[in-house]
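**Student:** Sequence and predicted structure, then a few things I'm wondering about:
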Amino acid sequence: MSTRRRIDWIAAKAVFVQDPERSFGKVARQFGVSDTAVRKHAAREGWEEAAREFDRYAEERAMRAAVKSRDRHVLDALRVRDLAFERTIEELVSRTLEVKLSDLPAIGRYAELLTGEATDRVVDVREVRELVSLLVVRVAQLIEPSRRGELVQLVREIEGQLPGSAEIAP
């Protein structure tokens, strides 16, 4: 009859894989076996790969939860908007809310925005220039160095057609 203790190696692997500060020594101490025995089982059973896969899975779940959380915030914001709009309509109908003529353009733009129509939002030329500049820098990285001069020339030609032509540096 053997005096060696039976170790639940499945449980030992689970402890290793789920511990963010995993170590073979920690598992060895917890299960009362040698560090060498744990290392042999871990190598034979692929514990480190299982831990990497567990980490990837946990990261993916965290990302999905973050996206769901953001989606929930957006839906909550839309609900608040809808409830406020409904309350406003109720107050208008019951004549407890006064709408001034000066409020109508904003209400009209809001309706256009909701239906996907163009609004009168003004875009600052500096914002457009910054976006184009960043785009050119990124695109230049994808082009062979010998052809980057052609890109710079093309950008300068286009740039001359923009209002207030300040140079866009690639």
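**Tutor:** Cool, the structure landed. Numbers count the residues shown, from 1 in each chain.
**Student:** switch to C-alpha atoms for all contacts and neighbour counts from now on
**Tutor:** Will do.
**Student:** can you give me phi and psi for Arg6?
**Tutor:** Dihedral pair for Arg6: phi -80, psi 130, per degrees, to the nearest 10.
**Student:** quick one, longest helix in this structure?
**Tutor:** Counting by DSSP state H, the longest helix found in the chain is helix 47-93.
**Student:** Just list what it packs against, helices and strands only.
**Tutor:** Helices and strands touching helix 47-93, by 3 or more C-alpha pairs under 8 Å, 6 or more residues apart in numbering; DSSP states H and E, are helix 9-18.
**Student:** hey, C-alpha coordinates of the helix it packs on in CSV?
**Tutor:** Taking C-alpha atoms only, helix 9-18 is exported to CSV below (Å, rounded to 0.1, in the frame of the first residue of the first chain):
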residue,chain,number,x,y,z
TRP,A,9,-4.6,17.5,-10.4
ILE,A,10,-7.7,18.8,-12.1
ALA,A,11,-8.3,21.1,-9.1
ALA,A,12,-4.7,22.0,-9.0
LYS,A,13,-4.8,23.0,-12.7
ALA,A,14,-7.9,25.1,-12.1
VAL,A,15,-6.2,26.9,-9.2
PHE,A,16,-3.2,27.7,-11.4
VAL,A,17,-5.2,28.8,-14.4
GLN,A,18,-7.7,31.0,-12.5
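**Student:** That one: what's the following helix or strand?
**Tutor:** Once the chain leaves helix 9-18, the next helix or strand it forms, by DSSP states H and E, is helix 24-31.
**Student:** Between helix 47-93 and the very next helix or strand once past that next one, find me the angle.
**Tutor:** Going down the chain from helix 24-31, the next helix or strand is helix 35-45, by DSSP H and E. Angle between the axes of helix 35-45 and helix 47-93 is 70 degrees (criterion: axes from the mean of the first three to the mean of the last three C-alpha atoms, to 10 degrees).
**Student:** Which residue ranges make up each domain of this protein?
**Tutor:** With domains defined by automatic domain parsing, the chain comprises 9-45, 63-115, 125-159.
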